[in-house]
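> my questions concern the predicted model and sequence given below.
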Amino acid sequence: MENTRRHLISLAVLTALSLTVPATTFAQLHLEIAKAPEQAPKIAIVPFGNDNNALYPIIENDLNRSGSFTSASQNLPATAQLNQIQADNWQSAGVPYVVVGQLKPIAGNSFEVHYQLYDVQKRQYLLNEVLTVPNSRVRQAGHMISDAIYQALTGIAGDFSGRIAYVLRNQATPAQRYTLQIADTDGEQPKTVLSSRDPILSPTWSPDAKKIAYVSFETKRPAIYMQDLATGEREVLASFRGLNGAPSFSPDGKSMLFTASMHGNPEIYQMDLGTRQVKRMTTDSAIDTEARYAPDGKSFIFTSDRGGSPQIYRYSFDDGSVKRLTFKGAFNARGTLSADGKKIALVHRPSGSNYKVAIQDINTGITNILTPTSLDESPSFSPNGQMVVYATREGNRGLLSIMSTDGRFRMNLPSEQGEVREPAWAPK
């Protein structure tokens, strides 16, 4: 067995994973598994020693909702603990991976978490690590352990420790009818960024995930604000005559694309966030909107009806050329790029009034409908590109849904306090 790796998860690091925005909270989103993969490798998360059910259920739920594994943590076929795993028993039960661990209180209101990931077939430990965790950050540590396990087994970075911003609309509370919130990707630990009587739209993260830009109608006309999540301080970025909407940060965080109609027609503009100078990027008689930078910063995609119907186009910064990207269907909008720049998630209307999230391969142009629901909007990729969060409706509920890009897994995140819209997955 390889030597135990020790990591210190300092208070400062874990605080960066949580928010220091005002502590107003709302009831969390409720996780509902809507579709589970029919076949996936089993993984057993054995209850951790001295855990009091605080840590291991988080890891179990994370891996179970990844769509890549099936939980085998109920009716365990054998016992196991650190350095004591009877491989034959687990192999006979058809469980290829086992996770064991133990918590130990230490000085400074902290825990030492020792966990191991065991490959039953290979008879070897894939992970054997010790983390030092402040008492108040056990939940974040659970998500980080899930990230490490997922990467060890798939070769892809996990996104369980990430966050999602969204807008909650609650007609029952007029003074806080619209609330911009941020929660863990499992819907837990929601925190309020802004509450308003007036609509809040299009939240988008800065590349370092320390700030959020959004559209607010609090002055009875749309304006783009940027808010620091650590201090709560915010400033107006765009409040020009007419429309101001659809903000998007550049990959280096120095610029922002947005839609404005200051000259009459909705066009794409770029703002230098250092100087606040604005440059017009598109000039067309059609509506140009919903711009999103490419990950390499060399181009951006946007929605335009210049061809007669809403479609996705790409603008190149090198020469100012514009190229149409979508051709399947009469409606394609709200495009967003995966972190590797190879895929676009978009809202696609195959027929009638059905609006579904689809994934298009940039190189081949092949578009595949992803979602089974029919009133979908606002898709946003997870940082590793394996999941898409989007807003949809089921019956009379407006909720968030997260679906794997291979279509094998889907979960819903509704709220008892209203409709959930406008999701945006935080960058890594």
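Received, thanks.
> residue contacts, Ile384?
Ile isn't right for residue 384; it's Asn. By Cβ atoms under 8 Å, 6 or more residues apart in numbering, the contact set of Asn384 is Ile156, Ala157, Gly158, Asp159, Ala339, Lys428. (Each C-beta comes from the backbone N, C-alpha and C, glycine too.)
> farthest-separated two in those?
Gly158 and Ala339 (13.8 Å; Cβ to Cβ).
> Ser378: neighbouring residues, count only.
Per other Cβ atoms under 10 Å, the neighbour tally for Ser378 reads 23.
> distance of the nearest residue to it once chain neighbours are set aside relative to Asp184?
Closest residue to Ser378 apart from its sequence neighbours, by Cβ to Cβ, 6 or more residues apart in numbering: Ala391 at 4.8 Å. According to Cβ to Cβ, to the nearest Å, Ala391 and Asp184 sit 18 Å apart.
> before we move on, what about Ala54?
15 Å.
> of those two, who's got more company?
Just comparing Ala54 and Asp184: by other Cβ under 10 Å the higher neighbour count belongs to Asp184, 23 against 16.
> residues contacting the more buried one?
Asp184 neighbours (Cβ under 8 Å, 6+ apart): Arg139, His143, Gly162, Arg163, Ile164.
> for it, list each beta-bridge partner.
Note on Asp184: beta-bridge partners by DSSP bridges are Arg163.
> so it versus Pro47, what's the distance?
According to Cβ to Cβ, Asp184 stands 21 Å off from Pro47.
> please name the residues that touch the residue nearest to Ser378.
Shown in contact with Ala391 (Cβ under 8 Å, 6+ apart): Tyr166, Asp376, Glu377, Ser378, Gly398, Leu399, Leu400, Ser401, Val420, Arg421, Glu422, Pro423.
> please repeat the previous calculation with a cut-off of 6 Å.
Glu377, Ser378, Leu400, Arg421, Pro423 (Cβ atoms under 6 Å, 6 or more residues apart in numbering).
> dump the helix or strand hosting it to PDB, restricted to CA.
In the assignment (DSSP states H and E), Ala391 maps to strand 387-394. Provided in PDB are the C-alpha atoms of strand 387-394 (Å, rounded to 0.1, in the frame of the first residue of the first chain):
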ATOM      1  CA  MET A 387     -23.100  17.800 -16.400                       C
ATOM      2  CA  VAL A 388     -25.500  20.600 -17.500                       C
ATOM      3  CA  VAL A 389     -27.800  22.500 -15.100                       C
ATOM      4  CA  TYR A 390     -30.900  24.200 -16.600                       C
ATOM      5  CA  ALA A 391     -34.200  25.600 -15.600                       C
ATOM      6  CA  THR A 392     -37.400  23.800 -16.600                       C
ATOM      7  CA  ARG A 393     -41.000  23.100 -15.700                       C
ATOM      8  CA  GLU A 394     -42.700  20.000 -14.500                       C
END
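> tabulate the contacts of Asp184 in JSON lines, adding columns for pLDDT.
Shown next, in JSON lines, are the contacts of Asp184 (pLDDT from 0 to 100):
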{"residue": "Arg139", "pLDDT": "90"}
{"residue": "His143", "pLDDT": "95"}
{"residue": "Gly162", "pLDDT": "94"}
{"residue": "Arg163", "pLDDT": "96"}
{"residue": "Ile164", "pLDDT": "97"}
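> most neighbours among those, which one is it?
Within those, most neighbours by other Cβ under 10 Å means Ile164, with 26 neighbours.
> so what's that one up against?
Thr185, Val389, Pro423, Trp425.
> hmm, back to that, more neighbours, Gly158 and Ala339?
Taking other Cβ under 10 Å, Gly158 and Ala339 do not tie; Gly158 has more neighbours (26 against 16).
> quick one: the strands in the stretch 151-300 of the chain?
Counting by DSSP state E, counting those that start in this stretch, the stretch 151-300 of the chain has these strands, from start to end: 163-169, 178-184, 191-196, 200-205, 211-216, 223-228, 234-238, 244-249, 255-260, 267-272, 278-280, 288-293, 299-304.
> which of the ones you listed sits closest to Ile106?
Of the strands of the stretch 151-300 of the chain, nearest to Ile106 by Cβ to Cβ is strand 178-184, at 25.2 Å.
> just the angle between the closest one and strand 163-169, please?
150 degrees (axes from the mean of the first three to the mean of the last three Cα atoms, to 10 degrees).
> one step back: switch the strands of the stretch 151-300 of the chain over to TSV; also include distance to Asn332.
Converted to TSV, the strands of the stretch 151-300 of the chain look like this (distance: least, Cβ to Cβ, whole Å):
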stretch	distance to Asn332
strand 163-169	23
strand 178-184	27
strand 191-196	30
strand 200-205	18
strand 211-216	22
strand 223-228	24
strand 234-238	26
strand 244-249	16
strand 255-260	17
strand 267-272	17
strand 278-280	24
strand 288-293	11
strand 299-304	8
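> for Leu63, find the nearest of the ones you listed.
Here strand 178-184 is closest among those (Cβ to Cβ), at 14.9 Å.
> kind regards, and thank you for your time.
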